[in-house]
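Enquirer: below: sequence and its predicted model.
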Amino acid sequence: MPDGIEAWLMQVPPITRAWLVLSVATTLAVQCQAVTPLQLYFSFKSAFTNVQPWRILTTFFYFGPLSLDLVFHLFFFMRYSRMLEESSFANRRADYFWLLLLSSMMLLSLSPLFNLPFLSSSLAFVPIYIWSRRHPATPISLFGVFTISAPYLPLALVLFSWLVTGTWKAAAGDLAGCAVGHVGWFLRDVWAREMVGGFSPLSEAPDML
């Protein structure tokens, strides 16, 4: 039977587990100099004009060099992505993958506006934001110091990211993720329910998934 890290990893739901494993593997590959960040970032010119399509994927798996900011983003992404996948998307793996896929496409289209070569932290904020909106009455303790209501969690994490990195550019990526998360939440929890009266192609995965 698996034990230790392997046992813990197998308890993480599959979409979150795959995302976490690929992110850690990408970070280790850069740390070991097997690849460089210049080979991983996304830009329309590099991905399409220069025909380097892997950048469409790798931009979502590189959180940066080993640092406090890396640990911060991996911890909170893994925690809330796991909680969202286990609750709102329990037994609906395809729907969660569809949510992340649509969110990734929106972030790719926004990346030139925000000048964001890496979109991993932006995508990580999508499940954080959606979970916070679906649990508005849940109190959240931040580092055992502050207690806030769940809807304020994304903005509190953006502020903390800004304090850790000391640059507003890093926080801008997190804010972009919050914006895309708000769109995802609105399409699933407001528009699909109140305007359509049920599921829509934007809130439910197509049958082929």
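Expert: Alright, I've got the coordinates.

Enquirer: how close does the residue nearest the centre of the chain get to Ala94?
Expert: Geometric centre of the chain, nearest residue: Ala124, 1.8 Å, by C-alpha atoms, centre = their mean. Computed as C-beta to C-beta, to the nearest Å, the Ala124 to Ala94 distance reads 20 Å. C-beta here means a position set from N, CA and C on the backbone, and glycine is covered the same way.

Enquirer: quick one, longest helix in the protein?
Expert: Secondary structure assigned by DSSP state H gives helix 93-114 as the longest helix of the chain.

Enquirer: next, the buried residues of the helix or strand bottoming out on mean pLDDT in the chain.
Expert: Lowest mean confidence among the helices and strands of the chain (mean pLDDT, DSSP states H and E): helix 5-11, at a mean of 83. Within helix 5-11, no residue counts as buried by 16 or more other C-beta atoms under 10 Å.

Enquirer: likewise for stretch 20-39?
Expert: Quick answer for stretch 20-39 (16+ other C-beta under 10 Å): 20, 22-23, 26-27, 29-30.

Enquirer: please enumerate the helices of this structure.
Expert: 5-11, 14-31, 44, 55-58, 68-86, 93-114, 120-134, 153-165, 168-185.

Enquirer: among those helices, which is nearest Ile140?
Expert: Checking the helices of the chain against Ile140 by C-beta to C-beta gives helix 153-165 as the closest, at 5.2 Å.

Enquirer: separation between Thr49 and Arg55?
Expert: Distance from Thr49 to Arg55, by C-beta to C-beta: 11 Å.

Enquirer: distance to Ile140 added to the helices of the chain, as TSV?
Expert: Below are the helices of the chain laid out as TSV (distance: least, C-beta to C-beta, whole Å):
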stretch	distance to Ile140
helix 5-11	22
helix 14-31	19
helix 44	37
helix 55-58	31
helix 68-86	10
helix 93-114	22
helix 120-134	8
helix 153-165	5
helix 168-185	15
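
Enquirer: re the thing from before, neighbour count winner among Thr49 and Arg55?
Expert: Shown here are Thr49 and Arg55; by other C-beta atoms under 10 Å, Arg55 has more neighbours (19 against 9).

Enquirer: contacting residues for the more buried one?
Expert: Applying C-beta atoms under 8 Å, 6 or more residues apart in numbering, we find Arg55 in contact with 40-43, 46-47.

Enquirer: only alpha carbons, please: show stretch 38-52 as CSV.
Expert: What follows is stretch 38-52, C-alpha atoms only, in CSV (Å, rounded to 0.1, in the frame of the first residue of the first chain):
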residue,chain,number,x,y,z
LEU,A,38,12.1,31.5,-21.5
GLN,A,39,11.0,28.2,-23.0
LEU,A,40,7.8,28.1,-21.0
TYR,A,41,6.2,31.5,-21.1
PHE,A,42,3.3,32.4,-23.4
SER,A,43,3.0,35.0,-26.1
PHE,A,44,0.9,34.9,-29.2
LYS,A,45,4.0,35.5,-31.4
SER,A,46,6.0,32.6,-29.8
ALA,A,47,3.1,30.2,-29.6
PHE,A,48,1.6,30.8,-33.0
THR,A,49,3.9,32.7,-35.3
ASN,A,50,7.0,30.8,-34.1
VAL,A,51,5.0,27.6,-33.9
GLN,A,52,5.7,26.7,-30.3
